[in-house]
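>>> Requesting a structural model of the entry that follows:
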Amino acid sequence: MGKYIFRRILSLVPVLIGVSFIVFTLLYLTPGDPARMALGDQATEEAVQEFRNKEGLNDPFLVQFSRYIYKAAFHGDIGRSYVTKRPVTDEIMATFPATLKLSALAVTIAILLGIPFGIISAIKQYSLFDSVTMFFALVGLSMPVFWLGLLLILFFSVYLGWLPSSGFDTFSAMILPAVALSAQVLAIVTRMTRSSMLEVVRQDYIRTARAKGQVESKVICRHALGNALIPIITICGLQFGQLLGGAILTESIFSIPGVGRLMVEAIKMRDYPVVQGGVLYVAVAFSIVNLLVDLLYAFVDPRIKAQYR
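Presented below is the predicted three-dimensional model:
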């Protein structure tokens, strides 16, 4: 297991270098002058050139990229924001807790509701419960997050006045954005659980367990669900990694100071170091979540655990 984790961590190195190169290239080719954006339209040409020389923006592309990789790898320095002058790491870490809490709440809601709904729908296939559940799952997949967020604010904040419409400091302020963000994830988890369970409950070992007189709840929870968890874990991990990358629309609607909102503002201001650092953060978040999902497979399926030895 330790060797496997070590190999996966080593595999992150070329991934991060490749992601950095792609982002660096795209930003380098994007029209516009980041020095002018950072200093403003009133800045003199001398001030702009001084800024470009100080930040190394006049150097050739490969020189800039090599310097960035060297500082990131050996000094942990991924640059300073052109706008705030703070280290990019500090900017990201200041917004990361809000994004982490929002993503964790959304995925928790999706798992706690989606898996039971999916199991019951699979057991009672074509029943009224199954039809209603699949209808709402389709609605959850189809409804844009920003539209659902606005509806929740209009109903629970404006009309009823039960919950705040913005902020993320209290538990009551977390409810609306977490519910809005979890809608699509909940729909995906429900449909995946139902599909996976339908495939498993038709297997011979499930019929054998029932023929032996085992309690139906034990058959479903232990034999069926245990073998149906792999695709469910996969989809939950992918969704969590995607949310960690920044729930841009949700954070913007509810005024949450998260990573997604930070990256949007950095793109508007052509703040190259923050954009590059944000993309690196997304790549690392996805890689770590995928590693944790792979390790979780070993606890669910003993056959997979044997391959790690």
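>>> Surely residue 125 is within a helix?
No: Residue 125 is assigned coil when assessed by DSSP: H, G, I helix; E, B strand; the rest coil, not a helix.
>>> Could you check the pLDDT of the closest residue to it other than its chain neighbours?
Leaving aside its sequence neighbours, residue 125 sits nearest to residue 198 (CB to CB, 6 or more residues apart in numbering; 6.6 Å). (Each C-beta comes from the backbone N, C-alpha and C, glycine too.) On the pLDDT scale, residue 198 is placed at 88.
>>> Tally up the residues packed near residue 198, please.
A count of nearby residues for residue 198, using other CB atoms under 10 Å, gives 16.
>>> what separates it from residue 47, distance-wise?
According to CB to CB, to the nearest Å, residue 198 and residue 47 sit 66 Å apart.
>>> before we move on, what about residue 18?
35 Å.
>>> Please identify which of those two sits among more neighbours.
residue 47 (14 against 11).
>>> what's the spacing between the closest residue to the more buried one other than its chain neighbours and residue 269?
Counting by CB to CB, 6+ apart, residue 47 lies nearest to residue 39, which is 5.9 Å off, once chain neighbours are set aside. Residue 39 is 11 Å from residue 269, where distance means CB to CB.
>>> likewise residue 161?
On the measure of CB to CB, residue 161 and residue 269 end up 36 Å apart.
>>> which one of these two has more residues nearby?
Higher neighbour count among residue 161 and residue 269: residue 269, with 17 against 9, using other CB under 10 Å.
>>> so residue 252 touches residue 262, yeah?
No: Residue 252 sits out of contact with residue 262 when judged by CB atoms under 8 Å, with a separation of 11.0 Å.
>>> the more surrounded of those two?
residue 262 (28 against 16).
>>> what about that one, which SS state?
Residue 262 - assigned by three-state DSSP - is helix.
>>> Which pLDDT value does the model give the nearest residue to it once chain neighbours are set aside?
Nearest non-adjacent residue to residue 262, counting by CB to CB, 6+ apart: residue 95, 4.8 Å away. On pLDDT, residue 95 comes in at 87.
>>> do the one 4 residues further on as well
Looking at residue 99, its pLDDT stands at 87.
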